[in-house]
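Chemist: Predicted coordinates and the sequence they were generated for:
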Amino acid sequence: MTLLSHFLRSQGAGRLGRRLLIRILLGIVFFTALGTMVQLTIDYRKDLHVLEGQLEQVRSSRVPSLTSSLWHLDEAQVISQLEGILDLRDVKFARVVTPDGLEFFRGEQAEEKTLVIRQFPLLYQAFERTEEIGILTVAGDRSAVLGRIKDKILVIVVTQGVQFMLVAVLIVAIVHMLVTRHLRRMALYTSELNIDRLQEPLVLDKASGTPDEIDIVVNAFNAMRENLLRDIRQKEEAEAKLKAAEGYIRNILDSMPSLLIAVDEAGRVTQWNQPAARMTGVPVEDALGRRFADVYPEAPLTTEQIMAAMKGGVPVKEAKVPRKDGDVVGYVDVTVYPLESGSVRGAVVRIDDVSERVRLEEMMIQSEKMVSIGGLAAGMAHEINNPLAGILQNAQVIRNRISPELPANRSVADEVGIDLESLHAYLDRRGCLRMMDSIMESGQRAARIVENMLSFSRKSNVEMAKVDICALLDRTVELAANDYDLKRQYDFRRIRIVREYEAGLPFVPCEESKIQQVFFNLIRNGAQAMAARQGEAFFVLRARSWGDAVRIDISDNGPGMPEELRKRIFEPFFTTKKVGEGTGLGLSVSYFIVVENHGGQMEVESVPGQGTTFTVILPLTPGVKIVEGALR
């Protein structure tokens with residue numbers, strides 16, 4: 001066994017020989033063990049059957065003579081008979097017990113679970129009468145049978161072990177000579193094979209003769225080596241052409257201003273041009289092979305959108321997608337072109353920065369709206385003012401004519417026989433007085449709307465004065481805190497005010513009352529938006545230098561607004577409030593005051609669920625209009 005173990009552990013046997021040997025030995029052991037168990041079971045049952053036959057033989061051969069000896073109380077003969085029973089094979093003990101308690105015993109006691117026990121009654125017949133004079137108990141030793149079976153197992157194990165060792169040595173030697181040594185030679189040749197040694201063929205140390213499977217494998221390997229040499233030459237030529245084409249295409253992609261990113265069907269980056277590297281700060285070599293979402297987490301589109309475009313097979317374009325770059329909100333056009341060439345699928349993502357174009361479009365649209373509404377406001381205001389004045393004047397006259405406090409009213413009432421107090425009480429209980437007050441309130445509200453409309457049609461002739469913007473913001477907060485309508489909807493004192501004013505901020509030339517109106521409208525709208533907020537509400541007021549201008553930011557932590565509302569927030573008569581709560585002119589008038597009257601700029605940024613920030617930029621030089629680039 002030591003020799004076999006050493007041979008199996010040696011390299012000469014080989015892993016294949018050891019595996020084959022183990023499987024064959026396991027098979028032999030299994031079937032041999034199975035056959036041995038069956039044979040031992042048969043032998044065990046046969047020996048038990050013989051034992052039981054011997055015990056039954058006692059009935060016919062020993063019981064009659066033992067009965068006679070016991071009847072005549074011949075103790076010596078009884079003992080002799082019991083000892084004769086013990087001479088039988090595998091009998092452990094024999095015992096006779098009489099009804100009077102007399103007992104004769106020969107043999108050895110043992111546990112009942114290891115014995116096969118038989119009892120035979122001793123019946124004596126005399127004068128046509130049968131009498132039981134005792135009971136014979138005979139016990140067979142089952143453990144003796146098991147002992148013989150164990151001896152057989154030992155013999156089988158020794159003989160089969162020697163047989164297994166010889167078979168193992170023979171199998172391993174045959175496998176090594178015919179298979180494993182050639183396989184090891186092939187493995188050694190393959191491990192040392194490289195491009196420089198492809199010219200050397202694989203040759204085995206094998207006697208010539210009829211080709212077998214090993215020869216077939218060697219011939220196939222050498223044929224594959226020749227094909228590989230030819231393919232390598234072709235591949236080297238193709239790679240040279242491909243590198244030239246790839247460099248040309250790479251130069252084209254890097255020279256384009258757009259971000260061009262190609263991904264495969266697993267969402268991993270396969271192309272990454274220089275504009276993409278500059279925008280994200282991720283070099284080309286670091287981006288390739290990584291997932292799109294990991295290398296560009298702030299991208300204006302998700303991997304799911306790219307996968308949807310690939311699945312649909314048609315280009316997908318999203319225009320003017322907002323993206324935040326620090327404090328500035330920019331816009332990009334995103335286009336996804338699906339690619340499918342045979343089994344290769346992917347997509348090309350093109351991202352174009354259109355922030356300048358979008359801002360110019362918004363300014364042009366807003367300016368056109370302001371110009372249009374200005375002319376419309378002038379005509380409507382003059383047409384509405386005359387009938388509105390008549391309504392307000394006559395409503396006030398009617399209210400005075402029914403008042404019981406005026407002597408002229410009492411005189412006329414007495415002449416026509418009417419009790420003026422009763423008439424006043426009737427009108428009050430029927431709601432007529434409340435209706436007249438409502439007419440007056442609605443008329444005054446309409447008058448304010450007309451006044452706001454007129455702001456679009458004329459420039460202010462009031463001279464501008466230099467104003468401390470920080471102090472003006474503080475006064476506007478105090479004004480908002482004392483506003484009746486605002487307090488009726490929300491307690492302004494519950495709003496925390498955070499001031500972030502730049503020290504030494506220069507005074508701004510502006511029309512103080514108009515700019516205060518702008519600040520008041522922004523603070524009022526923000527407070528109303530935060531009215532339903534759960535938790536702390538706060539404003540952040542910022543004032544800082546911004547080139548040749550001063551920038552004022554008014555931020556709240558209200559509900560914010562979606563992009564479609566943000567784009568229309570400065571449109572005249574556009575409001576998100578309920579009917580009767582707003583005219584839709586507050587922000588548009590504010591925009592007009594800042595942009596047209598002061599040559600400044602006004603913008604809004606908002607994130608739904610986080611809040612809104614209004615930005616007002618006022619030039620420090622009167623008459624100088626801020627251009628788009630001032631926000632950069």
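Modeler: Yep, that arrived.

Chemist: in stretch 97-117, what's buried?
Modeler: The neighbour-count check on stretch 97-117 (16 or more other CB atoms under 10 Å) flags 97, 104, 106, 107, 115, 116 as buried. All C-beta atoms are positioned from the backbone trio N, CA, C, and that covers glycine.

Chemist: The last one - nearest residue in space that isn't next to it in sequence?
Modeler: It stands for residue 116. Nearest non-adjacent residue to residue 116, counting by CB to CB, 6 or more residues apart in numbering: residue 140, 3.9 Å away.

Chemist: Confirm that neighbour sits in a strand?
Modeler: Yes: judged by DSSP: H, G, I helix; E, B strand; the rest coil, residue 140 forms part of a strand.

Chemist: give me the number of residues near it?
Modeler: Counted with other CB atoms under 10 Å, residues neighbouring residue 140 total 23.

Chemist: Would you mind confirming that it is in contact with residue 86?
Modeler: No: at 11.3 Å, residue 140 does not count as touching residue 86 under the criterion of CB atoms under 8 Å.

Chemist: Between these two, which contacts overlap?
Modeler: By CB atoms under 8 Å, 6 or more residues apart in numbering, residue 140 and residue 86 have no common neighbours.

Chemist: in which helix or strand would I find residue 332?
Modeler: strand 328-341 (DSSP states H and E).

Chemist: what about the closest residue to residue 419 other than its chain neighbours, how many neighbours?
Modeler: With sequence-adjacent residues excluded and distances taken as CB to CB, 6+ apart, residue 419 is closest to residue 413, at 7.2 Å. Taking other CB under 10 Å as the criterion, the count of residues near residue 413 is 18.

Chemist: Which residues are in contact with residue 413?
Modeler: 419, 420, 423.

Chemist: go on, residue 228?
Modeler: residue 198.

Chemist: returning to that earlier point: buried ones in the strand holding residue 332?
Modeler: By 16+ other CB under 10 Å, the buried positions in strand 328-341 come out as 329, 330, 331, 332, 333, 334, 335, 336, 337, 338, 339.

Chemist: Does that strand pack against any helices or strands, and if so which?
Modeler: Applying 3 or more CB pairs under 8 Å, 6 or more residues apart in numbering; DSSP states H and E, we find strand 328-341 packed against helix 303-312, strand 316-325, strand 344-353, helix 355-401.

Chemist: winner for burial among those?
Modeler: Stretch with highest mean neighbour count among the helices and strands packed on strand 328-341: strand 344-353 (a mean of 19; mean count of other CB atoms under 10 Å).

Chemist: From the rest of the structure, what touches that one?
Modeler: Strand 344-353 has contacts (CB under 8 Å, 6+ apart) with 257-265, 270-271, 276, 292, 299-301, 306, 309-310, 330-339.

Chemist: Any of the contacts of residue 413 buried? List them.
Modeler: Buried among these (16+ other CB under 10 Å): residue 420.

Chemist: hang on, the earlier thing: is it possible to get a markdown table of the helices and strands packed on strand 328-341 that adds mean pLDDT?
Modeler: Compiled in a markdown table, the helices and strands packed on strand 328-341 are given as follows (pLDDT from 0 to 100):
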| stretch | mean pLDDT |
| --- | --- |
| helix 303-312 | 85 |
| strand 316-325 | 81 |
| strand 344-353 | 86 |
| helix 355-401 | 73 |
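
Chemist: Switch these over to CSV; also include distance to residue 28.
Modeler: As requested, these are exported to CSV (distance: least, CB to CB, whole Å):
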stretch, distance to residue 28
helix 303-312, 58
strand 316-325, 68
strand 344-353, 54
helix 355-401, 82
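
Chemist: Relative to residue 283, which of these is closest?
Modeler: Across these, residue 283 has its closest neighbour in strand 344-353 (17.9 Å, CB to CB).

Chemist: How far off centre is the closest one?
Modeler: Relative to the chain's own centre, strand 344-353 is displaced by 24 Å; criterion: CA atoms, centre = their mean, to the nearest Å.

Chemist: what's the angle from it to strand 328-341?
Modeler: Here strand 344-353 points in a direction 160 degrees away from that of strand 328-341 (axes from the mean of the first three to the mean of the last three CA atoms, to 10 degrees).

Chemist: Next up, phi/psi of residue 194, please.
Modeler: With angles defined as degrees, to the nearest 10, residue 194 sits at phi -150, psi -180.

Chemist: again with residue 290
Modeler: Backbone geometry at residue 290, expressed as degrees, to the nearest 10, gives phi -90, psi 160.

Chemist: Tell me the pLDDT of it.
Modeler: pLDDT for residue 290: 90.

Chemist: ok so, going back, filter the buried residues of stretch 97-117 down to the ones in strands?
Modeler: If you go by DSSP state E, those have 97, 104, 106, 107, 115, 116 in strands.

Chemist: ok, and the closest non-adjacent residue to the third one?
Modeler: Going back to what we said before, that points to residue 106. Residue 106 sits nearest to residue 82 (CB to CB, 6+ apart), 4.1 Å away.
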